[in-house]
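K.L.:
Model the structure of this input:
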Amino acid sequence: MNMIKIPPMDKKEYDELIKQNFISRIAFKGEDYPYITPFMYIFDGEFLYFLSTKYGKKIGEINRSPHVAVEIEKYAEDMSDYKFANLQGRIVEVEDEKDKKKIKEMFIKMIKDRNLSNKALAAIGHSPDKSIQLILEEDRTMVWKLVDLKQIVALKNP
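P.N.:
Numbers count the residues shown, from 1 in each chain. All right, here's what the predicted structure looks like:
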């Protein structure tokens, strides 16, 4: 019996996959078991950026070990078309205030451009009943960046 291998994507293909989406899953090493959680992200063509609340298990996991795997996927409901990219690197906090403001502005634009529900704001610590501009005005979120990529595995259906 011949095994069919899932073909890899080239850089242009997986960059396009990453640009088209905005939800990822980040896998942390965890204590006894891996810990996986969804994150909204933006991609500036070079780096992935994430916003998060300033509390929760993810903060402890990042402090324990910043080495993560980030998965981004796209698939048809019937699986006739599927693609995924798994990026392994380190997640670090963006601390420069100018950079944080720029990244938060990119998140606001992405949320508006994709016409996301205001309920998505709760995932990053903001009230869905308030203005999206509060992402800039209130210091409720942490800004993260994926750096030091060690491996990218990006595959697509044959």
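K.L.:
what's next to stretch 105-125, contact-wise?
P.N.:
Stretch 105-125 is contacted by residues 22, 40, 42, 44, 49, 51-55, 127-130, 132-133, 135-136, 140-141 when judged by CB atoms under 8 Å, 6 or more residues apart in numbering. C-betas here are computed from N, CA, C, even on glycine.
K.L.:
Mind doing that once more with 10 Å?
P.N.:
Residues outside stretch 105-125 that contact it (CB atoms under 10 Å, 6 or more residues apart in numbering): 22-23, 38-44, 49-56, 104, 126-136, 138-143.
K.L.:
and what of stretch 25-34?
P.N.:
Outside stretch 25-34, the residues that touch it by CB under 10 Å, 6+ apart are 35-39, 41, 48, 50, 52, 57-58, 60-62, 64-73, 86-88, 91, 144, 146.
K.L.:
Report the buried residues of that stretch.
P.N.:
Buried positions in stretch 25-34, judged by neighbour count with 16 or more other CB atoms under 10 Å: 26, 27, 28.
K.L.:
For the last one, which non-adjacent residue is closest in space?
P.N.:
Beyond its immediate neighbours in the sequence, the residue positioned closest to residue 28 (CB to CB, 6 or more residues apart in numbering) is residue 61, lying 3.7 Å away.
K.L.:
And the average pLDDT for the host helix or strand of that neighbour is what?
P.N.:
For residue 61, the element it lies in under DSSP states H and E is helix 57-64. In this model, helix 57-64 has an average pLDDT of 93.
K.L.:
Now do the worst-scoring helix or strand of the chain on mean pLDDT: distance to the chain's middle.
P.N.:
Every helix and strand of the chain was ranked by mean pLDDT, DSSP states H and E. The lowest is helix 134-137, at a mean of 86. Distance of helix 134-137 from its chain centroid, counting by CA atoms, centre = their mean, to the nearest Å, is 20 Å.
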